[in-house]
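*Asks:* predicted structure and sequence below. I'll ask about it afterward.
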Amino acid sequence: MSYFVSPIAYIVLLVFTVLSGVFFFIYLEGFAQVQFDTRAQLFQQSFSLTEFVLQPYFGTISVLLLLIIPMLTMRLLSEEKKQHTSELLFTSPITVINIVLGKYLAALALFILMLLFSSIFVIVLYLKGNPDPGVILSGFMGLFLIGASFLAVGLFASSLSQNQIVSAVISFGLLLLFWIIGASSDAETSVVGYLSIINHLDNFIKGVVEVKDLVYYISFIFIGLFLTHIVLDSQRWR
């Protein structure tokens with residue numbers, strides 16, 4: 001995998017793991033302080049590791065992914081154009097679909113590794129505490145789906161320009177648009193709210209897995225890969 005030939009994968013893994021660990025321990029320390037705060041004794045019954053640590057942690061990880069994934073995907077296709085190796089891909093005996101899926105699955109493999117690193121803290125918490133295992137599983141499922149969606153958009157953005165920085169900016173801009181659009185609206189009652197990519201993560205973080213959220217993310221991934229295929233196919237015949 002070309003990611004591990006350059007320092008990018010190692011730097012991203014290190015930065016992501018360190019940041020996720022820092023935020024995890026911040027939330028854990030806050031939970032411990034509440035438990036030992038005599039002024040909060042009347043409210044301790046309303047707090048749990050799941051609500052006070054896990055749910056904010058999953059939300060923070062999603063923000064980190066929004067910032068990091070555009071950097072992961074910016075080289076996938078733009079570098080091929082810059083180095084003029086895209087012609088070799090287009091003339092090789094593989095289809096455009098294979099190119100798109102190959103690039104996407106390579107990025108997805110690195111992303112899964114990132115999630116595995118971030119799960120270390122949650123596993124330790126599960127072994128030492130009593131968080132809801134259902135929330136842990138659904139939370140990581142939600143992070144996987146939203147991250148896979150980010151990767152599909154990032155791959156599409158990388159197909160639009162041979163400049164890596166431009167690709168990263170386009171990717172971040174598109175993701176931020178789908179993040180904030182309808183974020184203050186309810187996905188259940190508002191069409192605009194349904195389009196917000198973060199709204200569909202909320203149920204996963206709460207331990208609820210609904211078909212509409214699965215359909216949304218799978219459709220989001222499919223559209224991102226489909227648009228990438230269209231762009232590459234048009235460039236192939238130029």
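*Replies:* Okay, I see it. Numbering: from 1, shown residues only.

*Asks:* count the residues that sit near residue 147.
*Replies:* 25 (other C-beta atoms under 10 Å). Every residue, glycine included, has its C-beta placed from N, CA and C.

*Asks:* which residues touch it?
*Replies:* 65, 69, 111, 114, 115 (C-beta atoms under 8 Å, 6 or more residues apart in numbering).

*Asks:* this protein: helices as residue ranges?
*Replies:* Ranges of helices within the chain are 8-36, 49, 55-73, 78-82, 86-91, 96-128, 133-158, 164-180, 191-195, 199-205, 211-236, based on DSSP state H.

*Asks:* name the residues that touch the shortest one?
*Replies:* It stands for helix 49. Here helix 49 has contacts from 31, 125, 129, 130, 131, using C-beta under 8 Å, 6+ apart.

*Asks:* which of these are buried?
*Replies:* Among those, those classed as buried by 16 or more other C-beta atoms under 10 Å are 31, 125, 131.

*Asks:* tell me which residue is most central in this protein.
*Replies:* residue 147 (2.2 Å; C-alpha atoms, centre = their mean).

*Asks:* ok, how many other residues are close to residue 180?
*Replies:* Residue 180: 12 neighbours (other C-beta under 10 Å).

*Asks:* check contacts around residue 25.
*Replies:* residue 121.

*Asks:* state the distance from it to residue 140.
*Replies:* Note on residue 25: its distance to residue 140, by C-beta to C-beta, to the nearest Å, is 19 Å.

*Asks:* cool, and residue 215?
*Replies:* In terms of C-beta to C-beta, residue 215 sits 19 Å off from residue 140.
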